[in-house]
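**Student:** Sharing a model that was predicted from the sequence below.
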Amino acid sequence: MTSIVLVCLIIFGALGASLFFIGWLFAFLTALGNKRYVFGVLSVLLPPVALVYCAAHWQHAAHAGKMLYAGSAILLMLLAILYYFGFQLHPQP
């Protein structure tokens, strides 16, 4: 891949990771704030549990869920793009 594409993919990945992290943090704090301590503790130990919490309690966790699902979608698209190119970030010499 060219360096411009590589830079774009790095920015794309940073955006997805940031959205996922902030959404996960909001979901964790929302779970604790709504006295859902099991979801709060489990989402700290296993961050994908926050996806389940946001889906199950969308009324309370819609803001966190939007960021969490957007970040997850971006990261999955990035992985699909990298898989398509064989995870080769630099051309073979």
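**Tutor:** Nice, thanks for sending it over.
**Student:** tell me which residues in stretch 46-66 are buried?
**Tutor:** 47, 49-51, 53-54, 57, 60-61, 64-65 (16 or more other CB atoms under 10 Å). C-beta: built from backbone N, CA, C; applies to glycine.
**Student:** ok, now stretch 78-86?
**Tutor:** L78.
**Student:** what's the offset of that stretch from the middle of its chain?
**Tutor:** 17 Å (CA atoms, centre = their mean, to the nearest Å).
**Student:** The buried residues of stretch 46-66 in strands, which ones?
**Tutor:** Per DSSP state E, strands hold no members of these.
**Student:** Closest one to A31 out of those, please.
**Tutor:** Distance to A31, by CB to CB, is smallest for Y53 among these, at 5.5 Å.
**Student:** check which helix or strand covers the nearest residue to the closest one once chain neighbours are set aside.
**Tutor:** Once flanking residues are discounted, Y53 sits nearest to F39: 4.4 Å by CB to CB, 6 or more residues apart in numbering. For F39, the host element (DSSP states H and E) is helix 37-45.
**Student:** what's in contact with that helix?
**Tutor:** Helix 37-45 is touched from outside by 24, 27-28, 31-32, 49-50, 52-53, 57, with contacts defined as CB atoms under 8 Å, 6 or more residues apart in numbering.
**Student:** Could you work out the most separated pair of those?
**Tutor:** Among the contacts of helix 37-45, L32 and V52 lie farthest apart (CB to CB), at 15.6 Å.
**Student:** With that, I have no additional questions.
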